[in-house]
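Asker: give me the fold of what follows.
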Amino acid sequence: MPNLYEFELGKAADIIARDLFKLKPGETFVITADTESDARVVEATARAGFAVGAKPMAIWLSSPLGVGKAADAMLPMEPLVGALKGADAWVEFNNQWLLYSTAYERAMKENPNLRYLCLVGMNSDLMVRCIGRIDYPLLEKFLEKIATVTREAKKVRVTTPAGTDVAFENVTGGQVRYSLGYSDTPGPHMMAGQVGWAPDYASINGVIVFDGSIVPPIGLLKEPVRLHIKKGEIVNIEGGKEAAQFDAWLRSFNDPNMLKLAHICYGFNPGAKLTGNIVEDERVWGCTEWGTGSYRGRPAATHTDGICLNSSVWLDDKQILDKGKAIHPELAELSKKLGRQ
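Answerer: Residues are numbered from 1 along each chain as shown. All right, here's what the predicted structure looks like:
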């Protein structure tokens, strides 16, 4: 008998190698994983890379006790960076992710042609649902449209049934990027189904309530965690035990940047569900996600992301999402075709 999704996993791996990376014969394809990673995902992707003529190299690491720069001391830094400096393409499957670590930053800086795809915490089920079964051309139309209308807005307000009510202004000329997973150009790329940007930090005020997950340090939440935001910084955290845990974790780094918001994202992958795996959680349809800590050009001890489910969004006082459902006419039609409404 075949393993779970044996055939479907092969198709998803082929999509990564052929469609997303567009690997060419002779290219060096590095796959990183740790001892918490799904071996079937690593092996299927290596096979797919080899089948198109690339040279796959799987690097298995012991799992650090943190992510980002918090993992630095536990990584074989020089050998890891050396391998990545010589690679053409890199897919990260590490559960304790290297993204934002010193190894990541050095690899991206010292190898400007490196194509990186962040698929941290990937498992067979997730890979089939969120990569192998996606209508990429149709999803691209949806993401392009919502990115465009968001980019054009000056003011944004987000609410959720759990109590989020936060408003901010966009940076004039700021970039609102969406991820579709295509990794055929140099630089970092993310799994399909997310639209993200950095607002005008000083304008972010209100309350953000995480009711999905916080990764790290908690995972799936049992109770909401309420953040009070003033000028883009967390000034107070309320809730139960998990709120106290999150507050203590943020402050344990003695780094003021850990209390600063980094970005906001919409989640829109038709196959995503809330699991505690952040690469999937932040793509749950109709959620918003906030990151704090390290971000492009702003160093911090590490980075964390929290999920606000069933988000309602207003752009310049015009509502486009209502409790996670698209109500903008063009977006509503596209989401229906994607099977989400």
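Asker: list the buried residues for the one helix or strand residue 104 maps to?
Answerer: Assessed by DSSP states H and E, residue 104 sits inside helix 102-110. Of the residues in helix 102-110, those with enough neighbours to count as buried (16 or more other CB atoms under 10 Å) are 102, 103, 104, 105, 106, 107, 108. Where C-beta positions appear, they are placed from N, C-alpha and C, glycine not excepted.
Asker: show me what contacts the residue nearest to the fifth one when sequence neighbours are not counted?
Answerer: What it means is residue 106. Taking CB to CB, 6 or more residues apart in numbering, and ignoring the residues beside it in sequence, residue 106 has residue 81 as its nearest neighbour in space, at 4.9 Å. For residue 81, the residues meeting the contact criterion (CB atoms under 8 Å, 6 or more residues apart in numbering) are 103, 106, 107, 110.
Asker: one more time with 6 Å, if that's ok
Answerer: By CB atoms under 6 Å, 6 or more residues apart in numbering, the residues touching residue 81 are 103, 106, 107.
Asker: name the element it belongs to?
Answerer: Of the helices and strands defined by DSSP H and E, residue 81 is found in helix 77-85.
Asker: heading C-terminal from that helix, find the next helix or strand.
Answerer: Tracing the chain past helix 77-85, the next element assigned as helix or strand by DSSP H and E is strand 89-92.
Asker: what does that following strand rub up against?
Answerer: Contact with strand 89-92 is made by 21, 29-32, 84, 98, 115-120, as judged by CB under 6 Å, 6+ apart.
Asker: now do stretch 231-243
Answerer: Identification of contacts with stretch 231-243 by CB under 6 Å, 6+ apart yields 201-202, 204, 218, 221, 223-228, 247, 259-261.
Asker: now swap in stretch 209-222 and tell me
Answerer: Identification of contacts with stretch 209-222 by CB under 6 Å, 6+ apart yields 67, 162-164, 224-226, 242, 246, 249, 274, 276, 278, 281, 304-307, 309.
Asker: which among those residues end up buried?
Answerer: Going by neighbour count (16+ other CB under 10 Å), the contacts of stretch 209-222 have 67, 162, 164, 224-226, 242, 246, 249, 274, 276, 278, 281, 304-307, 309 buried.
Asker: among those residues, which are in strands?
Answerer: With strands defined by DSSP state E, the entries of the buried ones among the contacts of stretch 209-222 inside them are 225, 226, 304, 305, 306, 307.
Asker: and the first one, how far from residue 207?
Answerer: In this case it means residue 225. In this structure, residue 225 and residue 207 are separated by 11 Å, where distance is defined by CB to CB, to the nearest Å.
Asker: for the last one, same thing?
Answerer: In this structure, residue 307 and residue 207 are 15 Å apart, going by CB to CB.
Asker: for the fourth one, same thing?
Answerer: Counting by CB to CB, the gap from residue 305 to residue 207 is 18 Å.
Asker: what does residue 29 show for phi and psi?
Answerer: In terms of degrees, to the nearest 10, the main-chain angles of residue 29 are phi -120, psi 100.
Asker: isn't it up against residue 53?
Answerer: No - using CB atoms under 6 Å as the test, residue 29 is too far from residue 53 to be in contact (10.1 Å).
Asker: okay, these two: which has more neighbours?
Answerer: Per other CB atoms under 10 Å, whichever of residue 29 and residue 53 has more neighbours is residue 29, with 26 against 12.
Asker: cool, thanks, signing off.
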